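Asks: Sequence first, then the predicted structure:
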Amino acid sequence: MYYVDELSGRGDLIMNIKQFVTATLFTLILLTVASTPLSDQQTSGSYDPWLDYNESGNIDIVDLHSLGEAYGSTGDTTKNITITGHATKYLRPGGPAIPIPPSSYWLSDMIPIDGYAKVTILVRLSTSSNCYYFIYACDDDGYTWHMETVSGQSWVKTYDVMNQRIQIRIENSNPTAITAEVGIYLMA
């Protein structure tokens, strides 16, 4: 009887080892399958930077973890969201140096700003006398509003975005040619 109990104890031990090895192999297979991306996973959609919470350039499990932590939270949907330090687009209409002949003007193309919260316009001229900047807001229906006229040699101003496009005009009333530099930051 003792011999039979000893054999059944070894049998239980062997059975436990087999179950442990099977469970370990099954776990490794599941982990391998879970960490392997599906073939169309990288190409199935367009990249959306608002879903890339850690700004890694990939929407992956880390971003999903952040979403899972925030799941079920509530808040005020009418409250403005302020994102600081995120200039999302920089434009140089007209290139780095815009020549403006005497008694003439330069008019930018329509600059699309729809989808942005703020626009900062930077203007620098080679001379300050008899030069004016005109800023216009434009919409999709063809309406244009004169927003501001400014004079001087350099100017930086930030506007809250309220239309779909803006346009900049620089007028040179000087008897000599001038050079202008225009930069535009569009901020989310």
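Replies: It's in.

Asks: List the beta-bridge partners for Ala137.
Replies: On the basis of DSSP bridges, Ala137 is bridged to Trp145, Ile166.

Asks: Count the residues that sit near it.
Replies: The local packing of Ala137 (other Cβ atoms under 10 Å) involves 20 other residues. (Glycine included, C-beta is placed from N, CA and C.)

Asks: Surely it touches Ile166?
Replies: Yes. Between Ala137 and Ile166 there is a contact under Cβ atoms under 8 Å: 5.8 Å.

Asks: List the residues that are in contact with both of these two.
Replies: Met147 (Cβ atoms under 8 Å, 6 or more residues apart in numbering).

Asks: ok, for Ser151, nearest residue in space, not its chain neighbours?
Replies: Excluding the flanking residues, the one nearest Ser151 by Cβ to Cβ, 6 or more residues apart in numbering is Tyr132, at 5.0 Å.

Asks: Can you say which helix or strand has that neighbour in it?
Replies: strand 131-138 (DSSP states H and E).

Asks: and that strand, how far out from the chain's middle?
Replies: Centroid separation for strand 131-138 versus its chain: 27 Å, with Cα atoms, centre = their mean, to the nearest Å.

Asks: swap in stretch 47-56?
Replies: Computed by Cα atoms, centre = their mean, the chain-centroid distance of stretch 47-56 equals 8 Å.

Asks: Run through who's touching that stretch.
Replies: Asn58, Ile59, Val62, Asp63, Ser66, Leu67.

Asks: if we take those, which one ends up nearest to Leu107?
Replies: In terms of Cβ to Cβ, no member of the contacts of stretch 47-56 lies closer to Leu107 than Ile59, at 40.6 Å.

Asks: all strands of this structure, in order?
Replies: 87-91, 98-100, 104-107, 111-112, 118-125, 131-138, 144-151, 154-160, 165-172, 178-187 (DSSP state E).

Asks: hmm, back to that, mind listing what's buried along the strand holding Tyr132?
Replies: Buried residues in strand 131-138, defined by neighbour count with 16 or more other Cβ atoms under 10 Å: Cys131, Tyr133, Phe134, Ile135, Tyr136, Ala137, Cys138.

Asks: Next: stretch 54-71.
Replies: Neighbour-count burial for stretch 54-71, counted by 16+ other Cβ under 10 Å, picks out Ile59, Asp63.

Asks: and the end-to-end length of it?
Replies: 17 Å (Cα to Cα, to the nearest Å).

Asks: Please apply the same query to stretch 171-178.
Replies: In stretch 171-178, first residue to last residue: 10 Å (Cα to Cα).
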